[in-house]
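**Student:** Could you look at this predicted model? Sequence included:
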Amino acid sequence: MIKENRASKYLLYAIGEIILVVIGILIALQINTWNQKRLEREQEVKILSSLKKEYIDNLSQLNDKVFIRKKIIYSANQLIEIIDNENLETQSIDSIETHIGTTTIFPTFNAISGVTNDILNSGKLHLIEDNELRISLSNWSGDVDQVTEMETALLNYYFNSYQPFLVENIQLRNSFNAMLSLANLTEKFNLNKSVENVKSIDGSKKIFEYESIFNNENFEDYLVTILTYSRVANIQCEGLKLKITNNLKRIDNALLNNNND
């Protein structure tokens with residue numbers, strides 16, 4: 001009985017030791033898991049902060065492109081109205097040259113994607129807890145392609161069709177000069193906002209009559225095409241702007257949640 005009693009005590013002692021070891025291991029695993037999550041959240045904060053700046057820069061660029069295209073649309077409309085109303089003789093030459101010059105501008109969105117690409121290519125996407133934000137990041141390249149597709153089509157249309165038509169029918173020097181003199185327009189082209197605007201070129205000494213181009217039926221077609229393409233491009237830009245704005249809200253919420261943890 002004495003031996004059986006000692007054996008029972010030893011067994012209880014051994015079980016107690018095992019339980020303590022298991023509890024110690026579980027606590028260690030829990031601490032390690034907590035530390036791992038803390039490190040991951042710290043990494044997520046850094047990623048989200050960088051991503052936020054990238055989105056803000058892209059949003060600013062999109063706003064500039066939309067602004068420029070609104071000017072293009074306005075000028076194209078003004079020129080179409082002259083054609084429709086047949087009131088060329090009441091228009092100033094400076095105004096006509098400015099509107100024609102403005103229709104020769106074709107901005108393109110050059111997406112800043114360094115942070116996004118690093119997240120996707122380095123396998124860091126899992127660090128972002130917001131599932132909708134992860135999906136949006138995965139779709140970023142496709143969203144950008146949708147915007148730039150119309151811009152590229154418009155740019156090709158200009159160089160392949162519209163510009164040769166203008167060169168053949170008018171003196172472009174004064175139109176370019178008039179367009180470059182628009183400070184509120186040309187400043188949108190500057191990546192570095194501290195740099196001075198594009199310098200205007202000297203005007204041409206030649207006197208040109210614009211009746212022939214306004215009587216050319218192809219001119220109206222070119223203007224309508226440019227106007228339509230520009231509107232579609234702006235609609236696509238507005239869609240991407242909305243996605244970026246929603247992502248910025250999600251990023252701010254995620255950063256706020258991490259700061260409160």
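**Tutor:** That came in fine, so what should we check first?
**Student:** need the next SSE after the longest helix along the chain, C-terminal direction.
**Tutor:** Longest helix in the chain by number of residues (criterion: DSSP state H): helix 2-85. Heading C-terminal from helix 2-85, the first helix or strand you meet, by DSSP states H and E, is helix 93-102.
**Student:** May I have that next one exported as CSV, CA atoms only?
**Tutor:** What follows is helix 93-102, C-alpha atoms only, in CSV (Å, rounded to 0.1, in the frame of the first residue of the first chain):
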residue,chain,number,x,y,z
ILE,A,93,-8.9,85.4,-84.4
ASP,A,94,-7.3,85.1,-81.0
SER,A,95,-10.3,83.1,-79.7
ILE,A,96,-10.4,80.8,-82.7
GLU,A,97,-6.7,80.1,-82.5
THR,A,98,-6.9,79.5,-78.7
HIS,A,99,-9.7,77.0,-79.2
ILE,A,100,-8.0,75.2,-82.0
GLY,A,101,-4.8,75.0,-80.0
THR,A,102,-6.6,73.6,-77.0
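**Student:** need the next SSE after it, C-terminal direction.
**Tutor:** helix 114-121.
**Student:** Check what contacts that following helix and list those residues.
**Tutor:** The contact list for helix 114-121 (CB atoms under 8 Å, 6 or more residues apart in numbering) reads 47, 50-51, 53-54, 124-125, 128, 137-138, 140. Where C-beta positions appear, they are placed from N, C-alpha and C, glycine not excepted.
**Student:** from those, which is closest to residue 86?
**Tutor:** Checking the contacts of helix 114-121 against residue 86 by CB to CB gives residue 140 as the nearest, at 48.3 Å.
**Student:** list the helices and strands the longest helix of the chain packs on?
**Tutor:** Contacts defined by 3 or more CB pairs under 8 Å, 6 or more residues apart in numbering; DSSP states H and E place helix 2-85 against helix 93-102, helix 114-121, helix 217-260.
**Student:** Kindly reformat these as a markdown table and extend each row with mean pLDDT, distance to residue 164 and mean neighbour count.
**Tutor:** Shown next, in a markdown table, are these (pLDDT from 0 to 100; distance: least, CB to CB, whole Å; neighbours: other CB atoms under 10 Å):
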| stretch | mean pLDDT | distance to residue 164 | mean neighbour count |
| --- | --- | --- | --- |
| helix 93-102 | 91 | 15 | 20 |
| helix 114-121 | 93 | 37 | 16 |
| helix 217-260 | 93 | 11 | 16 |
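**Student:** Output those in CSV, with distance to residue 149 appended to each entry.
**Tutor:** Converted to CSV, the helices and strands packed on helix 2-85 look like this (distance: least, CB to CB, whole Å):
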stretch, distance to residue 149
helix 93-102, 23
helix 114-121, 19
helix 217-260, 8
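**Student:** what about stretch 97-108, distance to the chain center?
**Tutor:** Mean C-alpha position of stretch 97-108 versus that of the full chain (CA atoms, centre = their mean, to the nearest Å) differs by 22 Å.
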